[in-house]
Structure formats: C-alpha cells, structure tokens
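>>> below: sequence and its predicted model.
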Amino acid sequence: MVATEPSYTPAGPGRRVLVAVLAGVVLAGLLGWVLAPAPSTPGPQSTGDPELAQRLRSAAGPGQYGLVAALVEDGDATYAGIGHDGRGTPVTRDTPFEIGSVTKTMTGAVLAGLERDGVVRGTDRVRDVVPDREWGEVGDVTLGELAAHLSGLPREPGGVGELVTGLGNLYFGLPVAAHTPQEVLDIAAGTPLGDRGEPLYSNLANSLLGQLLATRTGTPYPELVAQYVTDPLAMSATGMPAAPPAGAAVGHDESGNAVAPWISEGDAPAGTGVWSTATDLVRYTAALEQPGSPVAAAAQLRHPSEFGRIGYGWYTVEVGGHMLIWKNGGSGGVSSSVLSDPATGRTAIVLGNSTAGVDRIAAELLGVPSPFTASSDDGTDVRGLVTVLIAVVFPLLGGATMLGAARGGWGRRPRPVRRTDVLSGAGTGLFFLVIAWTSGAVSWAWVPFWMLGCLLAGAGLGLAVARRRSWESDRGTGAAGRWTNAGFSLVLGVGGLAAVVGISLMI
C-alpha cells in the first residue's frame, strides 16, 4: 500500500462565519471593557488641612473628581482639597470653580442693595421697572417673585434651539445656549406663565431679574455684582470673564469625561459663566451675619418654597432641629453647595469639578442630617431617570441594530442584505452606543448592559464581514433612498463619535 498525503480541506462557509463572529465579539468585548463608563473618583492629591482632607475623601461618593471644602467654625475657616483640576494640578482653596446657581443669591443681594438705596422695591412689577417696552404676561410679575421662583416662568427658555443645545450639553458636554442681555428680556416677554405664585424653580426668572436691574440702573450686571457684593467683601477672585480664568477647574461628568464650561452674558444672573473660589465664598457667607449687608438682607425669609422658606435666592430648610441657610449650584461639569447653621455659627462650602452633587458632602462636613435628595432644585431626579434608561436601553439597541442589519432583520426568515443596510445599521448602532457612553452612567451595575451591547455589535460586524460577498446589489428601485438613509445614519454615528473625541481634545 502506498501512503498518500492527506488532502487539505478549507474551512466551509459556516466555519468562516463562526470564526468572524467570534473575532468580532472578542475585539468588541475588549474595546468595550476598556471604554466601559465607570464612576470617577478623586485623585490621590491633597492640599490644605490633612484632617479635613481626610473627612472630605471619606465623604466623597462615586462620580466625584476634584473637591475643595471650607469649614467655618467660630469665625475661623479651615480649607482642604482632594483630587486635581483636570490638568493634573491639585485643587486648592484658591482654585476657581464655576459656582452655578449660588450666583442667584448674589443677584438677590443686588436686588436687596438696590432696595436699600431706594432704587427699586421687591414689590415693583416688571413693567414698572422697565416701562418702555411690551412685556406680555410677565409684566405683572414682581421682582421679589422672580427672586423667589414664584413668577410662573418655566425653568428654561423654550424653543427647538434651546432643546438641541440642551441635549448637546447633556450627552456630549457641549456648552448651553448663550444669550445676550437683550435676548433674555425678549425671551421672557414672549414666554407664557404657568402658575404664578406657586414654587417653580426658574433660571429664566433669575436671568430676567438681573438684566432688569441692569437695565433700570444703566449698569451692566457684572458691575452691579461688583458694586454690591464682590468689591465690599474683597472677593477679588469672583467674576464673570468671557473665558475660564487661569487655573480654573475643568468640569467633568460623573464618568470623568471633560465637559465644556457654560458661558452666557445674558444668563450670568442665574449662574452661567460665574467663577469663584472657596476663599472668596468664605468671605461671602460671612456677610450673612453682617447687619445691613445686602447678602444678609437677601437671606431674610419672605415666601414659602418647596424646601421650607426662601428669601432672594437663599433657601432656609429645617432638618434635625437645625434651621439651615442653603444654596447649591451646578454648571458645566461642576457642582457647588453652601450650607450655613446660624445657630452654631458653622458653615460648610464644597466645590467640585464633576456633575456629581455635593450637597450631601456639605451636610456631612457640617455634622447635620442631609435633607437633600436627587429631587433638589437642579432637577437631577428627572435627569437621573433619563440617564438610567439610556444607560440600560441604548447599548442594547445599538448592538441589536448592528447585528440585525448584518443578519437581515430579526424575522424567522432573514431578508437579503445590502451594503446600505449594513451601513445604516452600523451608523445607527454607533450612535446609540455613543449616546449611552456619554449619558453619565456611573454605576458598575450598568456595565453589563454596556458590555452586552458591545458584544452584540461585535457579532454584527463579524457577521457582516463574513457575508460581504453575498450582499445583494444596491442598484435599482429605491437605491437613492437607501443610500440617503445610510448616509444620514453614518453622519449620526460618526458625527457623534467625532464630537465626543473633539470635545475631549479641546477641553
């Protein structure tokens, strides 16, 4: 018998498909694990008082990045910082942070100062403060109602443009829409009111208040704040520059991705584009105890609110036998909280360069029970629900879309696959994955959904590559529409990815 060499039999179509799918799954799984959204934590850097820094680190929750705290007791302030500013420099008491809606209390102080000087009264109506224009429904609202969130104006200006920029900020870290002072007046004049007299947190109302006072006095809003707040209190690091000041902390989402700062001249009275430091805010809160100070006058209780009582921007809340004066803020990837206990003379100030709120940390440092939940005035209860839904559903949609396009649908008998089908599925699937990645998901419990979406996407890409030679022609009836749909889907997916990468490189 003559021995013969065994013949080589190439892998059949089924084996090639299996190998390609497994390769896609492995590669997508590895990439997905590397990019999986996970909660950020403050870096190892510490500055200031070691004991306070340790307390701050112990109180920091998931999603924090860099934190600075000031604790005032018996008139003496202690400072500490943990983590860094986004560029590797440790944060300190003098690192500028956007303070967000804490600025509303400064707008309230300007109103109180102008009342003291006899320029306006809190009971003056909008149409009486600036009479030489048409005002619509908001004309009958008083300055005090604007300051106390009782005007009936919505939280934000409406319109498609505002919606687009809001979504861009929420999911891609883009800046919010910027308005001029005149645009704020125009928007408010054309906005219908809701339930006037009922507590409804409104950034638009506070922007309007600040620009009304500026128009009435002929003094730009930043100069009014300097006149009544920052100059008398020697708050030299607090202001509204056209760009972030030198050394300012870079904002981040809770996964540690950089977020663009918010800057808007018209919306500065509500807290857009206003920077300060822990050092300056200690000087600011000290004025709460100074009789005759516009800051103290703004904190006087005037109206009921959803948290207790409210003055001109300052809330007063009761918890555990403590009557606390409070205001927080959130802006482009930053969070702030000011919490004072007048009965004990203690104040806690916390600034963070992450969207993760810091109210709970301020309460813990002050040693009082925290009355703050996700349903505080920044609206994070709704945002949190949206984040969870997107973080869970969108990765699965993205992966299923890619796999379904490569398979020919999800029916029992798949339809023929065209190149345009694969391109449309890839673009749409990538878009869903990008949105999920930018949603701000910070819990390890959501990572399995992300990974499953990536694995499905990898299986789809592997299947598409293995079967590319069997795709049907895109020519014939409806070809133009299919290519248009494919192009649009690719623009969504690739454009979203490019936006995320570009913003990360620019910030």
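Good, I have the coordinates.
>>> name the helix or strand of this protein that has the lowest mean pLDDT.
helix 160-172 (a mean of 58; mean pLDDT, DSSP states H and E).
>>> next helix or strand past that helix?
Counting by DSSP states H and E, the next helix or strand C-terminal to helix 160-172 is helix 181-189.
>>> list the contacts of that next one.
130, 133-136, 138-139, 153, 157, 179, 204-205, 207-208, 211-212, 214-215, 220-221, 265-267 (CB atoms under 8 Å, 6 or more residues apart in numbering). In this view, the C-beta of every residue, glycine as well, is placed from N, C-alpha and C.
>>> let's see which of those residues end up in helices.
Leu204, Ala205, Ser207, Leu208, Gln211, Leu212, Ala214, Thr215, Tyr221 (DSSP state H).
>>> out of those residues, who's the most crowded?
Ser207 (32 neighbours; other CB atoms under 10 Å).
>>> contact partners for that residue?
Neighbours of Ser207 in contact, by CB under 8 Å, 6+ apart: His179, Val184, Ala188, Gly266, Asp267, Ala268, Pro269, Ala270, Thr272.
>>> tell me the domain ranges of this protein?
47-378, 382-506 (automatic domain parsing).
>>> report the distance from the shortest one to the chain centre.
With CA atoms, centre = their mean, to the nearest Å as the basis, domain 382-506 stands 26 Å off its chain's centre.
>>> please renumber so the chain begins at 525
Shifting the count to begin at 525 puts that one at domain 906-1030.
>>> pLDDT at Gly933, what is it?
For Gly933, the pLDDT comes out at 85.
>>> is the residue nearest to it when sequence neighbours are not counted in a helix, a strand, or coil?
Spatial nearest neighbour of Gly933, chain neighbours left out: Arg939 (5.3 Å); criterion: CB to CB, 6 or more residues apart in numbering. Classification of Arg939 by DSSP: H, G, I helix; E, B strand; the rest coil places it in coil.
>>> do the one 5 residues further on as well
Three states are possible here, and by three-state DSSP the one that applies to Thr944 is helix.
>>> was I right to think it contacts Ala1004?
No - Thr944 is not in contact with Ala1004 according to CB atoms under 8 Å; the separation is 10.3 Å.
>>> quick one: which of the two has more around it?
Thr944 (22 against 9).
>>> need the contact list for that one.
Asp998, Ala1003, Arg1006, Trp1007, Asn1009, Ala1010.
>>> and the fourth one, how close does it get to Ala983?
Translated: Trp1007. 25 Å (CB to CB, to the nearest Å).
>>> what about these two, which has more around it?
Comparing Trp1007 with Ala983 by other CB under 10 Å, the one with more neighbours is Ala983, at 23 against 16.
>>> quick check: phi and psi on that one?
Torsion angles at Ala983 (phi, psi; degrees, to the nearest 10) stand at phi -60, psi -40.
>>> and if you look at Thr704?
The phi/psi pair for Thr704 (degrees, to the nearest 10) is phi -80, psi 160.
>>> not counting its neighbours along the chain, what's nearest it?
Gly790 (5.0 Å).
>>> and stretch 603-623, average pLDDT?
Here the average pLDDT along stretch 603-623 is 97.
>>> pretty sure Ala981 is touching Gly922, no?
Yes - if you go by CB under 8 Å, Ala981 and Gly922 touch, sitting 6.0 Å apart.
>>> any residues in contact with both of those two?
Going by CB under 8 Å, 6+ apart, residues that sit against Ala981 and also against Gly922 are Gly953, Leu957.
>>> weakest of the domains of the chain by average pLDDT?
For the domains of the chain, the weakest mean pLDDT is recorded on domain 906-1030, namely a mean of 83.
>>> contacting residues for Val917?
Phe973.
>>> thinking again about what came up before, okay, the ones in helices among the contacts of helix 705-713 in a markdown table with distance to Val541 next?
Shown next, in a markdown table, are the ones in helices among the contacts of helix 705-713 (distance: CB to CB, whole Å):
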| residue | distance to Val541 |
| --- | --- |
| Leu728 | 57 |
| Ala729 | 61 |
| Ser731 | 59 |
| Leu732 | 63 |
| Gln735 | 64 |
| Leu736 | 68 |
| Ala738 | 68 |
| Thr739 | 70 |
| Tyr745 | 65 |
